[in-house]
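[1] sequence first, then the predicted structure:
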Amino acid sequence: MRAIPSEFLAIDRKERARMPSLEVEARPVFERIHDFDDVVIPMTAEQAMLEASRCVQCPDPAPCTQACPAHNDIPSAMWLIEHGDFLEAAKIYRQTSSMPEICGRVCPQEQLCQGSCSHLKSFSSVLTGPLEAFVADFERRTVGVEIPLGKPLGKRVAIVGAGPSGLACAEQLVQRGYGVTIFDAKPAPGGLLTYGIPNFKLPKEVVFDRWSDLQKAGIEFIPNAFIGKDKTIDDLFTEGYQAVFIGVGVGIDAPMEVPGEDLLGVMKATEFLMRANVDPTLLPDGLRERPEVGGQVAVIGGGDTASDCLRTALRLGAAQVTCLYRRTEAQMPGGRHDRELAREEGAIYEFLTQPVRFIPGEGGKLAQIECIRMRLGEPDNSGRRRPIPVEGTNFLVAADTAILALGYWPDETIAKSTPNLDTHKWGLIVVDPETGQTSLPGVYAGGDAVTGPDLVVTAMLAGRKSAAAIDAYLTDKV
């Protein structure tokens with residue numbers, strides 16, 4: 001049970017609840033649209049203390065803590081921030097999260113902790129995410145971040161994939177005394193954090209600073225190592241690793257399967273975001289040229305990746321950027337805040353619109369997209385109302401570039417190269433949900449490779465869970 005300081009009891013809860021929120025301050029549109037820098041203006045210490053003071057310290061179990069997948073003790077952190085004890089607040093977050101500086105920026109707080117704040121029904125909710133990022137950044141800036149190391153056990157664990165799940169698993173294992181090596185097919189660590197999320201939403205230095213913490217803790221990174229092609233999971237055991245964690249994500253863009261999808265000018269979201277947002281020296285050969293988008297860009301899809309593509313295309317100089325989505329905005333899976341920023345920056349949304357054909361122009365390059373209007377029918381297996389074509393409503397959209405942001409499929413390379421590794425749903429790895437244990441002894445998995453596309457925080461938690469299970473497995477094995 002969280003102890004509430006006695007002096008708090010003298011403060012009127014209604015008075016706190018009525019205090020206006022500071023809101024998240026962003027750089028002016030005319031400025032931010034011309035660069036890829038962070039759009040958020042960081043809070044000052046005074047602003048952070050004022051915003052945290054709006055927390056009314058709900059009794060346990062606090063709804064924000066329950067709604068946080070990591071179950072961060074948010075009320076205690078708010079109390080510490082209100083009183084200027086930012087370092088202790090940072091410690092609170094690091095007890096339950098391996099990357100608060102990242103989750104505080106990219107988690108959809110409106111759907112999680114912030115969306116569960118007791119203020120929400122009558123006043124603005126407390127800005128829990130930005131405050132989490134604030135104290136983590138303050139800690140790094142003032143005293144630095146050091147991962148405590150466990151006594152060396154002389155045991156080695158291989159991690160396949162340097163995304164949030166793999167990095168979290170590594171962070172937990174070194175604290176237990178294991179030697180850890182991370183293998184990744186890309187030239188740099190971070191996975192989705194580096195290669196999928198644009199700088200204006202998650203600056204690369206935030207990711208690389210956290211990676212630097214892991215390096216200083218002795219974690220080894222082997223880049224350009226495609227496990228399943230360059231070597232197998234069995235090879236890792238042969239090389240002396242005593243357990244393996246697979247956190248490779250889901251890196252295959254879902255196809256649209258309509259005529260003209262292979263035209264010049266039709267791009268997959270992953271390639272587009274990588275080429276536009278990542279330092280070319282950190283990209284694989286063949287992906288180092290910035291994409292040329294032309295004047296008119298269409299982004300097809302409704303998730304966070306679609307928002308990222310819309311905002312990236314605007315920064316690359318497109319005059320008109322339109323999102324084509326087959327349902328209504330109410331059914332969009334992506335975060336509302338990202339859509340608001342995209343609209344501010346000039347993005348247009350066309351709802352109940354389904355592309356059915358990409359049409360070439362001069363030289364065989366994309367020139368138009370044939371679309372059809374949709375209506376919503378009964379709910380499908382996802383619980384969302386099924387989009388149904390409305391006959392006779394076809395129309396054309398001019399486009400120099402179309403970007404497909406339709407979701408992701410798992411890469412089956414590891415599954416096909418690892419005998420007896422159970423998978424389902426086109427290659428997702430089957431695991432024990434409590435431990436990440438796969439069908440193979442000593443092999444664990446977590447993150448999007450298990451769940452399909454999900455949140456950074458859930459991938460991070462899967463890595464932490466598997467680290468504890470790997471520790472128990474190797475301890476029992478002796």
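    Here it is on my side, so go on.

[2] from here on, just use CA atoms for contacts and neighbour counts.
    OK.

[3] tell me the mean pLDDT over the helix or strand Val180 falls within?
    If you go by DSSP states H and E, Val180 is part of strand 179-183. Averaged over strand 179-183, pLDDT sits at 98.

[4] may I have the next helix or strand after that strand exported as CSV, CA atoms only?
    Downstream of strand 179-183, the next assigned helix or strand under DSSP H and E is helix 192-195. Taking Å, rounded to 0.1, in the frame of the first residue of the first chain, the C-alpha atoms of helix 192-195 are listed here in CSV:
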residue,chain,number,x,y,z
LEU,A,192,11.6,-0.1,-34.3
LEU,A,193,12.9,2.7,-32.0
THR,A,194,15.7,3.5,-34.4
TYR,A,195,14.3,2.4,-37.8
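
[5] show me the contact partners of helix 192-195.
    Applying C-alpha atoms under 8 Å, 6 or more residues apart in numbering, the external contacts of helix 192-195 come out as Gly163, Pro164, Ala188, Leu202, Lys204, Val207, Thr270, Leu273, Met274, Asn277, Val278.

[6] tabulate these in TSV, adding columns for neighbour count, pLDDT and distance to Cys55.
    Shown next, in TSV, are those (neighbours: other C-alpha atoms under 10 Å; pLDDT from 0 to 100; distance: C-alpha to C-alpha, whole Å):
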residue	neighbour count	pLDDT	distance to Cys55
Gly163	26	97	33
Pro164	34	98	29
Ala188	20	97	39
Leu202	22	97	26
Lys204	21	97	31
Val207	19	98	29
Thr270	23	95	39
Leu273	22	97	37
Met274	24	96	39
Asn277	19	94	36
Val278	19	95	38
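
[7] out of these, which are inside helices?
    Using DSSP state H, the members of these that fall within helices are Pro164, Lys204, Val207, Thr270, Leu273, Met274, Asn277.

[8] in CSV: these, plus distance to Gly154.
    Shown next, in CSV, are the ones in helices among the contacts of helix 192-195 (distance: C-alpha to C-alpha, whole Å):
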residue, distance to Gly154
Pro164, 25
Lys204, 33
Val207, 29
Thr270, 39
Leu273, 40
Met274, 38
Asn277, 40
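
[9] now, among the residues you listed, which is nearest to His119?
    Pro164 (30.9 Å; C-alpha to C-alpha).

[10] what stretches of this protein score poorly on pLDDT?
    1-14, 17, 120-123, 478 (pLDDT under 70).

[11] go with 50
    Within the chain, the segments meeting pLDDT under 50 span 1-4, 8-10.

[12] per-domain residue ranges of it.
    As assigned by automatic domain parsing, the chain contains the domains 6-142, 156-251+410-477, 254-407.

[13] buried residues of the longest helix belonging to the chain, list them for me.
    Secondary structure of the chain per DSSP H: the longest helix is helix 456-477. Residues of helix 456-477 classed as buried: 456-471, 473 (neighbour count, 16 or more other C-alpha atoms under 10 Å).

[14] who's in contact with stretch 230-237?
    Taking C-alpha under 8 Å, 6+ apart as the rule, stretch 230-237 contacts Ala158, Ala225, Ile227, Ala243, Val244, Ile414, Ser417, Thr418.

[15] all the helices of the stretch 201-350 of the chain, residue numbers only.
    Using DSSP state H, counting those that start in this stretch, the helices of the stretch 201-350 of the chain run over 204-216, 233-238, 269-277, 304-315, 336-344.

[16] the first one to helix 269-277, inter-axis angle?
    Spelled out, that is helix 204-216. 100 degrees (axes from the mean of the first three to the mean of the last three C-alpha atoms, to 10 degrees).

[17] how about the CA coordinates for helix 204-216, as CSV?
    Taking Å, rounded to 0.1, in the frame of the first residue of the first chain, the C-alpha atoms of helix 204-216 are listed here in CSV:
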residue,chain,number,x,y,z
LYS,A,204,17.5,9.1,-32.0
GLU,A,205,19.8,10.5,-29.3
VAL,A,206,17.2,9.3,-26.7
VAL,A,207,17.5,5.8,-28.0
PHE,A,208,21.3,5.8,-28.4
ASP,A,209,21.7,7.3,-24.9
ARG,A,210,19.8,4.3,-23.5
TRP,A,211,21.9,2.0,-25.7
SER,A,212,25.0,3.6,-24.3
ASP,A,213,23.9,2.6,-20.8
LEU,A,214,23.7,-1.0,-22.0
GLN,A,215,27.1,-0.9,-23.6
LYS,A,216,28.7,0.5,-20.5
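
[18] so what's the nearest residue to Val250 once chain neighbours are set aside up against?
    Among residues not flanking Val250 along the chain, Pro410 sits closest, at 4.2 Å (C-alpha to C-alpha, 6 or more residues apart in numbering). Applying C-alpha under 8 Å, 6+ apart, we find Pro410 in contact with Gly249, Val250, Gly251, Ile252, Trp426, Gly427, Leu428, Ala449, Gly452.

[19] on that earlier part again, quick one: the strand holding Val180 to helix 204-216, angle?
    140 degrees.

[20] ok, and what's touching strand 179-183?
    So strand 179-183 is contacted by 152-162, 166, 170, 173-174, 218-227 (C-alpha under 8 Å, 6+ apart).

[21] 10 Å - rerun?
    Outside strand 179-183, the residues within contact range by C-alpha atoms under 10 Å, 6 or more residues apart in numbering are 152-163, 166-167, 169-171, 173-174, 189, 214, 217-227, 241, 244-246, 248.

[22] and Gly442, how many neighbours?
    19 (other C-alpha atoms under 10 Å).

[23] can you give me the distance of the residue nearest to it when sequence neighbours are not counted to Lys151?
    Leaving aside its chain neighbours, Gly442 sits nearest to Ala243 (4.7 Å; criterion: C-alpha to C-alpha, 6+ apart). Distance of Ala243 to Lys151, given as C-alpha to C-alpha, to the nearest Å: 18 Å.

[24] who's more crowded, these two?
    Ala243 (21 against 11).

[25] quick revisit: which of the helices of the stretch 201-350 of the chain is buried the deepest?
    helix 304-315 (a mean of 25; mean count of other C-alpha atoms under 10 Å).

[26] which helices and strands sit right next to it?
    Counting contacts by 3 or more C-alpha pairs under 10 Å, 6 or more residues apart in numbering; DSSP states H and E, helix 304-315 is packed against helix 269-277, strand 296-300, strand 320-324, helix 336-344, strand 401-404.

[27] between helix 304-315 and the first one, find me the angle.
    What that stands for is helix 269-277. Using the same axes, to 10 degrees: helix 269-277 against helix 304-315 is 40 degrees.

[28] and the fourth one, by the same measure?
    Helix 336-344 runs at 20 degrees relative to helix 304-315, counting by the same axes, to 10 degrees.

[29] my guess is Phe351 contacts Val299. True?
    No. Applying C-alpha atoms under 10 Å as the test, Phe351 and Val299 come out as separate, 12.0 Å apart.

[30] relative to Gly218, how far out is Gly154?
    Applying C-alpha to C-alpha, the value for Gly154 to Gly218 is 13 Å.

[31] quick one: contacts for Ala318?
    Glu292, Val293, Gly294, Gly295, Gln296, Val297, Leu310, Arg311, Thr312, Asp400, Thr401.

[32] ChimeraX command for the buried members of those residues?
    Buried residues within the contacts of Ala318, by 16+ other C-alpha under 10 Å, are selected in ChimeraX with:
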select :293,294,295,296,297,310,311,312,400,401
